[in-house]
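Novice: Got a predicted model here, sequence first, then my questions.
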Amino acid sequence: MSIPPTTIQSTRTHLRAQMPVARKWAYWDHAAVAPLSAPAQTAVQNWLTQATEEGDTVWLDWARQLQATRASAARLLGAEVDEIALVPNTTAGINLLAEGFPWQAGDNVVTLADEFPSNLYPWMHLERQGVTTRRVPTRQGRVDLDALAAACDARTRVVSASWVGYANGCRRDVGALAEIAHAHGAFFFLDAIQGLGVFPLDVRQTPIDCLAADGHKWLLGPEGAGIAYLSPACRERLRPIGVGWNSVVHAADFSRIELNLKPSAARYEGGSYNMAGFLALGASLDLLLSLGVSHVAAAILEITDQACEQLQGLGATIHSPRDTAAESSGIVSFQLPDRDPQKIRQHCLREGVALACRGGQLRISGHAYNNGDDLARLVAALRMV
């Protein structure tokens with residue numbers, strides 16, 4: 001569906017007004033650690049004031065807000081509230097599946113060779129149980145679906161992949177990946193951290209079994225507060241890990257010792273919450289939902305398309321797939337000929353432009369609030385190197 005230019009501009013303007021970082025920085029590093037939104041900042045400040053002045057007398061109010069965060073995460077994914085777990089980070093969400101699945105020696109996991117380490121090490125760690133990890137090469141981040149299918153067999157239990165490649169921003173066809181997993185009777189896990197909140201995803205339309213994403217990138221929340229989605233079939237099969245007082249249906253009754261686990265995904269939450277983090281995450285989720293994720297996506301693709309055009313005008317080589325909107329994301333990886341990426345990055349930081357280096361290349365990752373002024377500052381800084 002085409003988004004009108006006026007809607008894209010309205011989305012950009014509205015979100016920019018909620019991003020204090022834009023007053024100082026041309027911030028192009030959301031794929032690393034994003035700045036907090038103003039609503040997230042307010043949520044943390046309110047929690048800090050209450051925690052300092054009121055102690056635990058307002059804990060029940062925080063708990064209600066926590067459930068609102070869970071409900072917002074469910075809305076974002078088209079999921080049921082009881083399918084959402086609040087987790088510390090993406091790695092914790094991956095390990096719900098990696099450590100909780102009933103593995104047998106000879107089983108295997110199929111994943112991609114260019115995954116971020118968090119989506120490799122938990123699977124590789126299963127070698128002690130006789131489980132092998134098969135890493136399928138990609139080409140410029142693109143997945144060869146035939147090669148992925150060929151790597152699967154009757155002993156494949158999980159296919160795990162990132163929605164968006166962290167290094168060059170290639171966005172994958174999640175439905176096609178899930179179809180391959182299910183054709184081999186395997187669960188499909190999606191590392192969604194580089195796409196969630198800025199590209200539409202509905203788990204009712206796309207049959208994902210398990211998903212995780214931390215909130216400190218595109219969701220504009222703080223580190224240490226993320227979400228996981230677990231389908232009913234996945235919850236039924238997994239052994240809960242990290243079980244604690246908060247895992248049982250009578251969590252508030254500490255004198256009643258019965259291991260009666262919650263039927264919902266909240267059974268995986270174990271102990272106390274990062275209250276400030278999850279309240280802030282909820283505030284940013286609500287902000288993004290209010291804008292409309294499809295509108296956010298359109299604004300991101302527009303500004304990064306413009307960035308690619310101007311970077312090429314500087315002589316840069318673009319290493320991110322940008323042939324189609326379906327492959328494009330907020331991440332653009334590029335090289336400037338005969339120049340040291342680390343020195344370029346340090347120069348840009350001195351000029352108030354934030355970007356990253358990954359794999360020997362420069363990487364920008366623009367959000368929907370980045371505008372022409374930010375792009376002009378980026379190009380000017382690169383010209384000065």
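Specialist: That came through fine.
Novice: Skip ahead from the top helix by length along the chain and say which helix or strand is next.
Specialist: Ordering each helix of the chain by length in residues (DSSP state H) puts helix 293-313 first. Later in the chain than helix 293-313, the nearest helix or strand by DSSP states H and E is strand 317-318.
Novice: Distance of the nearest residue to G282 once chain neighbours are set aside relative to H295?
Specialist: Residue nearest to G282 in three dimensions, not counting chain neighbours: T69, with 3.1 Å by C-beta to C-beta, 6 or more residues apart in numbering. (Each C-beta comes from the backbone N, C-alpha and C, glycine too.) Look at T69 and H295: by C-beta to C-beta, to the nearest Å, they are 22 Å apart.
Novice: if I pick the nearest residue to G165 once chain neighbours are set aside, what's in contact with it?
Specialist: Take G165 and drop its neighbours on the chain: the residue closest to it by C-beta to C-beta, 6+ apart is G141, 4.0 Å away. The contact partners of G141, by C-beta atoms under 8 Å, 6 or more residues apart in numbering, come to D114, G165, A167, N168, G169, C170, S320, P321.
Novice: Check the average confidence over the longest helix of the chain, would you?
Specialist: Mean pLDDT, helix 293-313: 98.
Novice: List the buried residues for it?
Specialist: Within helix 293-313, the residues that count as buried by 16 or more other C-beta atoms under 10 Å are 293, 295-304, 307-308, 311.
Novice: quick one: pLDDT of the residue nearest to G165?
Specialist: pLDDT, G141: 95.
Novice: cool, and M1?
Specialist: So, for M1, pLDDT stands at 60.
Novice: What is the nearest of the buried residues of helix 293-313 to R237?
Specialist: Checking these against R237 by C-beta to C-beta gives V293 as the nearest, at 29.6 Å.
Novice: got the CA coordinates for the strand ranked longest in the chain in CSV?
Specialist: Across the chain, the longest stretch assigned as strand under DSSP state E is strand 156-162. What follows is strand 156-162, C-alpha atoms only, in CSV (Å, rounded to 0.1, in the frame of the first residue of the first chain):
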residue,chain,number,x,y,z
THR,A,156,16.0,-30.3,12.2
ARG,A,157,14.2,-29.0,15.2
VAL,A,158,14.6,-25.2,14.9
VAL,A,159,15.2,-22.8,12.0
SER,A,160,16.5,-19.5,13.3
ALA,A,161,17.0,-16.3,11.4
SER,A,162,17.1,-12.5,11.7
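Novice: And the next helix or strand past it?
Specialist: Strand 156-162 is succeeded, C-terminally, by helix 174-183 (DSSP H and E).
Novice: Let me know the angle separating that next one from strand 156-162.
Specialist: With axes from the mean of the first three to the mean of the last three C-alpha atoms, to 10 degrees defining the directions, helix 174-183 sits at 170 degrees from strand 156-162.
Novice: Now helix 174-183: average pLDDT?
Specialist: 98.
Novice: got it, and stretch 323-334?
Specialist: Stretch 323-334 comes out at a mean pLDDT of 96.
Novice: same check, this time on stretch 106-124
Specialist: 98.
Novice: now do stretch 77-87
Specialist: pLDDT averaged over stretch 77-87 gives 98.
Novice: Low-confidence ranges, this protein, go.
Specialist: By pLDDT under 70, the low-scoring segments of the chain are 1.
Novice: can you list the domains in it?
Specialist: 5-35+292-384, 44-289 (automatic domain parsing).
Novice: for the shortest one, the distance to its chain's centre please.
Specialist: Between the centre of domain 5-35+292-384 and the centre of its host chain there is 18 Å, according to C-alpha atoms, centre = their mean, to the nearest Å.
Novice: From A151, how far out is V110?
Specialist: With C-beta to C-beta as the criterion, V110 and A151 are 5 Å apart.
Novice: Would you mind listing the residues touching both of these two?
Specialist: By C-beta under 8 Å, 6+ apart, the residues touching both V110 and A151 are R134, V136.
Novice: These two - which one has more neighbours?
Specialist: Counted by other C-beta atoms under 10 Å, V110 and A151 do not tie: V110 has more neighbours, with 26 against 19.
Novice: What are the buried residues along stretch 152-160?
Specialist: Those would be C152, T156, R157, V158, V159, S160, for stretch 152-160 by 16+ other C-beta under 10 Å.
Novice: Now for the first one: which residues touch it?
Specialist: It refers to C152. Contacts of C152 by C-beta under 8 Å, 6+ apart are V110, V159, I180, A181, A183, H184, A186.
Novice: what do you get for the third one?
Specialist: When the contact criterion is C-beta under 8 Å, 6+ apart, the partners of R157 are F101, W103, D107, N108, V109, V131, A186, F187.
Novice: Go through those and single out the one with the most neighbours.
Specialist: Of the contacts of R157, with other C-beta under 10 Å as the count, V109 tops at 27 neighbours.
Novice: what kind of secondary structure is that one in?
Specialist: Secondary structure state of V109, per DSSP: H, G, I helix; E, B strand; the rest coil, is strand.
Novice: could you say which helix or strand contains the residue nearest to G282?
Specialist: helix 59-77.
Novice: Run the chain-centre distance for that helix.
Specialist: 18 Å.
Novice: Next secondary structure element downstream of that helix?
Specialist: With DSSP H and E setting the assignment, the helix or strand that follows helix 59-77 is strand 84-87.
Novice: in its sheet, what does that following strand sit against?
Specialist: According to DSSP bridges, strand 84-87 has the following sheet partners: strand 226-230 (antiparallel).
Novice: Quickly check the contacts of R157 for the two that are furthest apart.
Specialist: Farthest pair in those, by C-beta to C-beta: V131 and F187, 13.4 Å.
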